[in-house]
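Engineer: Show me how the following folds:
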Amino acid sequence: MGTFVPAPSSANPLVSIITPTYNHEKFIRACIESVLCQTYQNWEQVIIDDGSTDGTAEIVREYRDPRIRYYYQDNAGIEALAHTYNRALSLSRGELTAILEGDDFWPAEKLCRMIPAFEDASVVLAYGEMREAEIDGRLAKRMTRNARIRTRLPAGILHNDPPPAAVAYMLTARGHSMIPASTVIVRHSALQVIGGFQYVPELRYLDFPTFMRLAALGKFHYCRQVVGYRRMHAGSATSQYTKEMLRASQKFRRQLIDDPQYALTDRDRRSIEESWRSIESATEYNLGRLCLFDRQWAPSRTHFFRALRTKDWCIFLGSAAGLLLSWLHCDLERLYRVTGRASLKAHS
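Structural biologist: Numbers count the residues shown, from 1 in each chain. Modelled structure (predicted):
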């Protein structure tokens, strides 16, 4: 890893928005429109299409704005997502790099709110609150559990001040999701120092390992306003590869715990290990929910029974409800909508 030399951003920095997309014809228009509507206008959007077979390309090509640049590649799959991101990074010209996947979107003031954070030369990454959205774009009325947890975190963790103050928490089961990727902007020079977006075999996602490397370089800036919308749907990578991602995350976490640059104490290590013992139940619950959605009643019961071993009352109650609904051949999505959370099911 090279040396990071802090430097403040220019007064009106170019922001390169990296947008990987695959078969997002239902979502890509909203994604692009949310960029075009930004109140801050000095941006470029680099769209990398990973071999879409639907109408994604035709929709993107409708836009004639020269700031929107579209590149097609043969399908590399989610396993090569870091390489896709790094290809986009190599095509970018901005001083700052923002993440916006093809099925997500932003509020109009997102860039305007966050760019001033980089006037502080020591800030390498800015992020903020995320709101879930349903498949048709309707926003959830209630904040996520991770968002509620963030409201109780100390400022030193939220802002990684001093670096790497956030690492011990980020390595816990809950801290794994401290930074919502759809809200992130990174200083391009910091990404260069760590060698770009991080590839970890079998992990299938790049945000967490990349943010962990950045945590050793400089401070974070946390914005309490909603600056990103994440669309919830059963076709998302998180939904499809939940168990594989968990297994790879735990393996990667063990490597990081012993990394001397993070200077973790024995107490930190014990807290991290203890937190991960409870995450298995949350994973089983999520898998049960997906099975209900796909009308796989018997497999859903297997996952919900495993999830009932938890000490977390939210997961316990959700799993009990899931078990009951599996016998009634119903899913949990209406319950999610009633309680203000984003449903996986489109409105009828």
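
Engineer: can you list the domain ranges for this structure.
Structural biologist: Domain assignment of the chain by automatic domain parsing yields the ranges 15-240, 279-343.

Engineer: weakest of these by average pLDDT?
Structural biologist: Lowest mean pLDDT of those: domain 279-343, a mean of 91.

Engineer: Next, the distance between the ends of that one.
Structural biologist: Taking C-alpha to C-alpha, to the nearest Å, the first and last residues of domain 279-343 lie 22 Å apart.

Engineer: how far does that domain sit from the chain's center?
Structural biologist: Remark: domain 279-343 is offset 22 Å from the chain centroid, using C-alpha atoms, centre = their mean, to the nearest Å.

Engineer: End to end on stretch 97-114, go ahead and measure it.
Structural biologist: Separation of the first and last residues of stretch 97-114 by C-alpha to C-alpha is 12 Å.

Engineer: ok, and for that stretch, which residues are buried?
Structural biologist: 97-107, 110-111, 113-114 (16 or more other C-beta atoms under 10 Å). From N, CA and C alone the C-beta is placed, and that goes for glycine too.

Engineer: And the helix or strand containing E132, how far out from the chain middle?
Structural biologist: Counting by DSSP states H and E, the element that carries E132 is strand 123-133. Taking C-alpha atoms, centre = their mean, one finds the center of strand 123-133 at 9 Å from the center of the full chain.

Engineer: who touches stretch 23-37?
Structural biologist: 17, 19, 21, 43, 45, 47, 52-56, 59-60, 63, 65, 68, 100-108, 135, 137, 229, 231 (C-beta atoms under 8 Å, 6 or more residues apart in numbering).

Engineer: end to end, how far does that stretch reach?
Structural biologist: Length of stretch 23-37, first residue to last, C-alpha to C-alpha: 23 Å.

Engineer: ranges for the strands of the chain?
Structural biologist: With DSSP state E applied, the chain shows strands at 15-21, 43-50, 68-73, 96-99, 123-133, 185-187, 219-231, listed in chain order.

Engineer: Which elements pack onto the longest one?
Structural biologist: Read it as strand 219-231. Applying 3 or more C-beta pairs under 8 Å, 6 or more residues apart in numbering; DSSP states H and E, one finds that strand 219-231 contacts helix 110-114, strand 123-133.

Engineer: In TSV: the ones you listed, plus distance to L158.
Structural biologist: Formatted as TSV, the helices and strands packed on strand 219-231 follow (distance: least, C-beta to C-beta, whole Å):
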stretch	distance to L158
helix 110-114	14
strand 123-133	9
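
Engineer: Out of these, which gets nearest to M143?
Structural biologist: Evaluated over the helices and strands packed on strand 219-231, closeness to M143 peaks at strand 123-133, with 7.1 Å, by C-beta to C-beta.

Engineer: now the angle between strand 219-231 and that closest one, please.
Structural biologist: Computed by axes from the mean of the first three to the mean of the last three C-alpha atoms, to 10 degrees, the angle separating strand 123-133 from strand 219-231 equals 20 degrees.

Engineer: M143 reaches R131, doesn't it?
Structural biologist: Yes - if you go by C-beta atoms under 8 Å, M143 and R131 touch, sitting 7.1 Å apart.

Engineer: do you know how far the residue nearest to M178 when sequence neighbours are not counted is from T183?
Structural biologist: In space, and not counting its chain neighbours, M178 is closest to M170: 5.5 Å by C-beta to C-beta, 6 or more residues apart in numbering. From M170 across to T183, the span is 15 Å (C-beta to C-beta, to the nearest Å).

Engineer: Of these two, give the one with the bigger neighbour count.
Structural biologist: Neighbours per residue (other C-beta atoms under 10 Å) separate M170 from T183, with T183 holding more: 27 against 24.

Engineer: Find the residue at the geometric middle of this protein.
Structural biologist: A181 (3.3 Å; C-alpha atoms, centre = their mean).

Engineer: so what's that one up against?
Structural biologist: Shown in contact with A181 (C-beta under 8 Å, 6+ apart): I99, E101, D207.

Engineer: What of K345?
Structural biologist: With contacts defined as C-beta under 8 Å, 6+ apart, K345 is in contact with E134, I135, F293, D331, E333, R334.

Engineer: Any idea how many residues pack against the fourth one?
Structural biologist: Counted with other C-beta under 10 Å, the burial measure for D331 works out to 23 neighbours.

Engineer: now it, nearest residue through space, not along the chain?
Structural biologist: Excluding its sequence neighbours, the residue lying closest to D331 (C-beta to C-beta, 6+ apart) is L292, at 4.1 Å.

Engineer: Also T310?
Structural biologist: Using C-beta to C-beta, 6+ apart and skipping the chain neighbours, the partner closest in space to T310 is S281 (3.4 Å).

Engineer: can you tell me how far the one you found sits from K311?
Structural biologist: Distance of S281 to K311, given as C-beta to C-beta: 8 Å.

Engineer: quick one, which of the two is more surrounded?
Structural biologist: Neighbour totals were compared for S281 and K311, and S281 leads with 20 against 9 (other C-beta under 10 Å).

Engineer: show me what contacts the more buried one?
Structural biologist: Contacts here follow C-beta under 8 Å, 6+ apart; on that basis S281 touches R306, A307, L308, R309, T310, D312, I315, S319.
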